[in-house]
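Asker: My questions concern the predicted model and sequence given below.
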Amino acid sequence: MEKYEIVKRIGLGAHGAVYLVKNKISQKLFAMKKIEIDERKKSRTKEAVLKEASILSQLRHPHIILFHQSFIDPSEDYVCMILDYCDGGNLSERIQDAAQKLLKFSEKQIMQWFIQIVMAVQYIHSKHILHRDLKTENVFLNKRNVVKVGKILDNTIDVAKTVVGTPSYLSPELCQDIPYNSKSDIWAVGCLLYEMTTLHTPFDGQSLIGLFVNIIKAGYKPFPADTPIGIQDLVSKILQKTPEHRPSASAILTLPYVKNHLASFISDTENIRDIRIKRDNSCDSPDSDSLTPLPSSSYMEHQSATKSLFSPRQYHTADPILQSYKTNINSPVPDQHSPDLCNHGIVSKKPEDQDDGGDYSDDFDDSSSDLGDLSKCGGNEDAEAVYADDFEDSDSGEDLDLVVAQAKKAQTIHPDDEFFVEDDDMALSQTLTQIPKFRSIMEAARSQVTHL
């Protein structure tokens, strides 16, 4: 811990806290997750948490939050993990802002985010690792609008966290007491695509029982009439009730519609990379004032639009592990002629059938009973720190070459099935009915489904 200085606390979880920390030597910012050790719980022993850290340390992918190191807190009560800090917020924040401003993302932006998510999922599945908690709150963005999937394996600390709050991404099999498998992650990917498109979740209900019944039996809510046919067809392919009927992540990447958008993503990323190279080279020149080229209009639109959906309010997300610290970002509301994040226009229109969905936390009166007071961990969560140039150079080393290389690799990927269940030695195959609070809910849902 002597290498890092705590800047502020940026989040609390059921079993720990997350801090924005600064490396004292490099001055670079990171997120430090402190996980409380509890030897009474199998998944939170020191050995189990360090095993999670060991697995995370092996993941190297441009669209996955990078793990740097782990260590035991001097008090021996916590395991600390140092992770990349993303300063662009998460998809949940972007979706909320768009919905509040009656805006919708363009087809191109949706598909560029979606493709990066699928590439990350394909990578972890190729290593027989399940995410288990894919949702908009766990898909982060850096300042360059590059997707970074986070919280991989984090849900293994507490299976119940998946279904506390708004568990709209639960797969039909999980709602029926079938252990989590790779196609459960794919179901969540389909829910992500649906929510990015409509700005609301595909399933809801007045209670957890109602939600479970709808997920198991009912179809997802209809798309607005102006939804691109390609996205509608893609969601239909992914949100299949039977896990074996869903495509794997690699199979999704080989679909013609997805491949077309993947090629566009590569082209756009290469253009941005080349512009940055020219800018950096011109800055190194002694005659930089005369040699610096004007950015293309499309690049300027991209840069402007990248900031257009940030909210000036302080974000408070379900998992603020890598949330943006900034509280005073200007947020002009673009009209229907304003460019979106990919220069293809934001539709200034309230999404049809928009529904905030239900908050199911009342079904679990004790869902956060073990949160505890972690203020003693240090850090001042109310402090307003000032950082030079709004992190202008914090991600200047972002390796767009790696992003392009990974995307080109995805173009040649073979559509393997990639169906697998959790490894027994991970001790993560707990189903919902093994958690007492869900037993009656599952039984009631099954009873209603049987009588439909």
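Answerer: Noted; the coordinates are in hand. Numbers count the residues shown, from 1 in each chain.

Asker: which ones are touching residue 79?
Answerer: Shown in contact with residue 79 (Cβ atoms under 8 Å, 6 or more residues apart in numbering): 34, 35, 37, 46, 49, 50, 53, 70, 71, 72, 73. Backbone N, C-alpha and C define where each C-beta goes, glycine included.

Asker: err, residue 244, not the other one
Answerer: Counted by Cβ under 8 Å, 6+ apart, residue 244 has contacts 183, 419.

Asker: And it, how far from residue 220?
Answerer: As judged by Cβ to Cβ, to the nearest Å, residue 244 and residue 220 stand 19 Å apart.

Asker: Relative to residue 69, how far out is residue 1?
Answerer: Distance from residue 1 to residue 69, by Cβ to Cβ: 11 Å.

Asker: How about residue 83?
Answerer: 9 Å.

Asker: Same check on residue 410?
Answerer: 29 Å.

Asker: Now for the closest residue to residue 25 other than its chain neighbours, how many residues are close by?
Answerer: Spatial nearest neighbour of residue 25, chain neighbours left out: residue 3 (7.1 Å); criterion: Cβ to Cβ, 6 or more residues apart in numbering. Residues lying near residue 3 (other Cβ atoms under 10 Å) number 14.

Asker: can you check residue 140 too?
Answerer: Residue 140 has 30 nearby residues by other Cβ under 10 Å.

Asker: and it, what element?
Answerer: In this assignment (DSSP states H and E), residue 140 forms part of strand 139-141.

Asker: quick one: contacts of the helix or strand following that strand?
Answerer: Counting by DSSP H and E, the next helix or strand C-terminal to strand 139-141 is strand 147-149. For strand 147-149, contacts defined as Cβ under 8 Å, 6+ apart pick out 63-65, 84, 86, 113, 116-117, 120-121, 131, 134, 138-142, 322.

Asker: out of those, which are inside helices?
Answerer: When DSSP state H defines the helices, the subset of these inside them is 113, 116, 117, 120, 121.

Asker: Highest neighbour count among these?
Answerer: Most surrounded of the ones in helices among the contacts of strand 147-149: other Cβ under 10 Å gives residue 121, at 30 neighbours.

Asker: All the helices of this structure, residue numbers only.
Answerer: Listed in chain order, the helices of the chain (DSSP H) span 46-57, 91-100, 107-126, 172-175, 182-198, 208-217, 229-238, 249-253, 256-284, 288-291, 297-308, 400-411, 436-450.

Asker: Mean pLDDT and distance to residue 17 added to these, as a markdown table?
Answerer: Formatted as a markdown table, those follow (pLDDT from 0 to 100; distance: least, Cβ to Cβ, whole Å):
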| stretch | mean pLDDT | distance to residue 17 |
| --- | --- | --- |
| helix 46-57 | 87 | 14 |
| helix 91-100 | 97 | 20 |
| helix 107-126 | 97 | 25 |
| helix 172-175 | 90 | 28 |
| helix 182-198 | 97 | 26 |
| helix 208-217 | 90 | 28 |
| helix 229-238 | 98 | 35 |
| helix 249-253 | 98 | 32 |
| helix 256-284 | 90 | 35 |
| helix 288-291 | 42 | 44 |
| helix 297-308 | 40 | 29 |
| helix 400-411 | 95 | 31 |
| helix 436-450 | 62 | 24 |
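
Asker: report the longest strand in this protein, please.
Answerer: strand 4-13 (DSSP state E).

Asker: so what strands line up beside it?
Answerer: Sheet pairing for strand 4-13, assigned by DSSP bridges, gives strand 16-23 (antiparallel).

Asker: buried sites along the strand it pairs with?
Answerer: Buried residues in strand 16-23, counting neighbours by 16 or more other Cβ atoms under 10 Å, are found at 16, 17, 18, 19, 20, 21, 22.

Asker: ok and that strand relative to helix 46-57, angle-wise?
Answerer: Interaxial angle of strand 16-23 relative to helix 46-57 (axes from the mean of the first three to the mean of the last three Cα atoms, to 10 degrees): 50 degrees.

Asker: per-residue confidence averaged over strand 16-23?
Answerer: Strand 16-23 comes out with an average pLDDT of 92.

Asker: With just CA atoms, put it into CSV.
Answerer: Presented in CSV, the C-alpha positions along strand 16-23 are these (Å, rounded to 0.1, in the frame of the first residue of the first chain):
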residue,chain,number,x,y,z
GLY,A,16,-15.7,-3.8,0.7
ALA,A,17,-15.0,-0.4,-0.8
VAL,A,18,-13.4,1.1,-3.9
TYR,A,19,-11.0,4.0,-3.8
LEU,A,20,-9.4,6.3,-6.4
VAL,A,21,-5.7,6.0,-5.7
LYS,A,22,-2.6,7.6,-7.2
ASN,A,23,0.7,5.8,-7.7
